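Asks: got a sequence here, can you model it:
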Amino acid sequence: MKKIIIICATIFMTASVFAQAPQKISYQAVVRNSSNALITSASVGIQISILQGSAAGTAVYVETQTPSTNTNGLVSIEIGGGTVVSGNFSTINWANGPYFIKTETDPTGGTAYTIVGTNELMSVPYALFSANGTPGPAGPQGPAGTNGTNGAQGPIGATGPAGAQGPTGATGPAGAQGPQGLPGSGGFTHYIGELFGGGIVISVWKENGVEKGLIASLVDLTTSANYSNIQTTIIGPTAQSPFDGQTNTTAVVNQGATVGASYLCNNYSSGGFNDWYLPAIWELNQCYNAAFIVNTVLGATNGFKLSYYWSSTESSGSNAWCHNFSGGTSVFDSKLFAYSVRAVRRI
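Replies: Numbers count the residues shown, from 1 in each chain. Presented below is the predicted three-dimensional model:
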């Protein structure tokens with residue numbers, strides 16, 4: 001019996017914001033065998049379960065489908081449109097999450113399911129949540145913030161000499177421009193899309209009144225790199241932070257990585273800065289959220305691609321987290337797969 005590997009899954013809503021919410025969720029997965037070869041143009045049997053609370057939670061809805069993979073090994077289904085085993089998809093209360101999608105696969109197209117995979121829905125399906133949820137009362141309006149202080153007005157330039165009577169005299173020289181006033185207490189010096197610090201700003205915030213920011217490199221370091229050359233030995237908590245990519249990157253390099261995503265970022269230099277690192281999964285999500293502005297500034301050649309990007313957040317000995325910049329989902333995948341790499345640094 002062949003072992004089937006579901007290497008990635010993309011889940012997205014197909015509802016229009018102006019139309020009634022359809023009771024379906026689109027789901028895609030790429031299927032490979034134990035030799036990492038694609039299972040193409042073949043009928044497979046799939047049982048889909050919606051689990052509530054955890055990856056081992058109660059199944060609130062179960063259905064079966066028998067789709068076929070395409071020539072690229074991709075199978076596409078609509079959850080909510082299959083043969084119902086139990087539950088009612090339209091009555092799921094998406095507000096009572098989290099929810100997980102469990103897939104059980106029979107590569108021969110039957111019901112002898114041999115492969116099981118579970119992925120968390122990383123965000124609530126907006127249209128279905130809206131269809132089932134009860135709007136809460138509007139909260140009171142918060143107080144208006146204080147205005148920042150006005151900058152000092154620049155001095156008025158000297159008046160030019162008057163022209164002679166008759167024909168129009170020459171225009172006097174322009175006065176010197178006054179100094180710019182200081183920004184208000186609530187303002188930011190930097191902004192998303194600013195070319196700064198050897199890269200482009202993708203996020204700004206304040207910590208205890210001090211402005212902070214995250215900068216991405218101006219180009220992908222590569223579009224085809226493994227997580228690391230060490231692909232089966234777990235590093236542990238020092239490489240598993242969802243928000244501290246610098247600590248994760250250092251842990252991967254200290255493990256002995258001589259190639260791969262973390263190694264490339266750790267050795268990257270741009271704009272005179274060499275403190276670049278591979279972003280943690282939450283930092284990589286910030287890159288995705290700023291992708292529209294970044295691609296507008298840098299253009300299609302240097303902007304983010306519609307592909308998977310590695311994060312430095314380890315999931316297990318053989319898996320690490322990555323983000324799909326095409327579908328907008330975060331998943332964990334095998335460390336041996338080759339994905340795109342973008343370095344970041346903090347200011």
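Asks: tell me where the stretch 151-300 of the chain has strands.
Replies: Along the stretch 151-300 of the chain, the stretches classed as strands by DSSP state E, counting those that start in this stretch are 195-196, 199-207, 210-217, 222-225.
Asks: for the longest one, which positions count as buried?
Replies: It refers to strand 199-207. By 16 or more other C-beta atoms under 10 Å, the buried positions in strand 199-207 come out as Gly199, Ile200, Val201, Ile202, Ser203, Val204. Using the backbone N, CA and C atoms, a C-beta is placed for each residue, glycine as well.
Asks: picking up where we left off before, between the strands of the stretch 151-300 of the chain, which gets nearest to Pro143?
Replies: In terms of C-beta to C-beta, the element of the strands of the stretch 151-300 of the chain nearest to Pro143 is strand 199-207, at 19.1 Å.
Asks: so which elements touch the closest one?
Replies: strand 210-217, helix 281-289, helix 291-302, strand 344-346 (3 or more C-beta pairs under 8 Å, 6 or more residues apart in numbering; DSSP states H and E).
Asks: give the pairing partners of it; include direction for each.
Replies: The strands that strand 199-207 pairs with in its sheet are strand 195-196 (antiparallel), strand 210-217 (antiparallel) (by DSSP bridges).
Asks: report the angle between the longest one and helix 281-289.
Replies: Counting by axes from the mean of the first three to the mean of the last three C-alpha atoms, to 10 degrees, strand 210-217 points 70 degrees away from the direction of helix 281-289.
Asks: for strand 210-217, which outside residues touch it?
Replies: Identification of contacts with strand 210-217 by C-beta atoms under 8 Å, 6 or more residues apart in numbering yields 188-190, 196-206, 268, 270, 276, 279, 283, 286-287, 290, 294, 342-347.
Asks: hmm, back to that, just name the closest of the buried residues of strand 199-207 to Ile39, please.
Replies: Nearest to Ile39 among these, counting by C-beta to C-beta, is Ile202 at 37.3 Å.
Asks: so how far is Tyr191 from the spatially closest residue to that closest one that is not a sequence neighbour?
Replies: Using C-beta to C-beta, 6 or more residues apart in numbering and skipping the chain neighbours, the partner closest in space to Ile202 is Ala290 (3.9 Å). Distance of Ala290 to Tyr191, given as C-beta to C-beta, to the nearest Å: 11 Å.
Asks: of these two, who's got more company?
Replies: Per other C-beta atoms under 10 Å, whichever of Ala290 and Tyr191 has more neighbours is Ala290, with 20 against 11.
Asks: who are the contact partners of the residue nearest to the spatial centre of the chain?
Replies: The residue lying closest to the centre of the chain (C-alpha atoms, centre = their mean) is Asn285, at 3.1 Å. By C-beta under 8 Å, 6+ apart, Asn285 lies in contact with His323, Ser330.
Asks: please report how far it lies from Pro67.
Replies: According to C-beta to C-beta, Asn285 stands 30 Å off from Pro67.
Asks: Ser330 now?
Replies: 24 Å.
Asks: next: Ile46.
Replies: 7 Å.
Asks: more neighbours, those two?
Replies: Legend: neighbour count by other C-beta under 10 Å for Ile46 and Pro67, higher for Ile46 (25 against 18).
Asks: you'd agree the more buried one is in a strand?
Replies: Yes - Ile46: assigned to a strand according to DSSP: H, G, I helix; E, B strand; the rest coil.
Asks: pLDDT score for it?
Replies: With respect to pLDDT, Ile46 scores 94.
Asks: that one contacts Val62, doesn't it?
Replies: No - using C-beta atoms under 8 Å, Ile46 is not in contact with Val62; the gap is 11.4 Å.
Asks: find the nearest non-adjacent residue to Gly45, please.
Replies: Nearest to Gly45 is Asp106, by C-beta to C-beta, 6+ apart, at 3.7 Å.
Asks: do the same with Tyr277
Replies: Nearest one to Tyr277, counting by C-beta to C-beta, 6+ apart, is Thr249 at 4.0 Å.
Asks: I figured that neighbour hits Asn266, correct?
Replies: Yes - counting by C-beta under 8 Å, Thr249 touches Asn266, with 5.5 Å between them.
Asks: flag every buried residue along stretch 221-231.
Replies: Leu221, Ala225, Asn226, Tyr227, Ser228, Ile230, Gln231.
Asks: need the contact list for the fifth one.
Replies: Counting by C-beta under 8 Å, 6+ apart, Ser228 makes contact with Val252, Gln255, Ala257, Val259, Gly260, Ala261, Ser262, Tyr263, Lys335.
Asks: tell me which strands and helices the host helix or strand of Phe332 is in contact with?
Replies: Remark: Phe332 resides in strand 330-334, with elements defined by DSSP states H and E. Contacts defined by 3+ C-beta pairs under 8 Å, 6+ apart place strand 330-334 against strand 4-12, helix 281-289, strand 319-324.
Asks: ok, it: who's next to it in the sheet?
Replies: Paired neighbours of strand 330-334 in the sheet (DSSP bridges): strand 319-324 (antiparallel).
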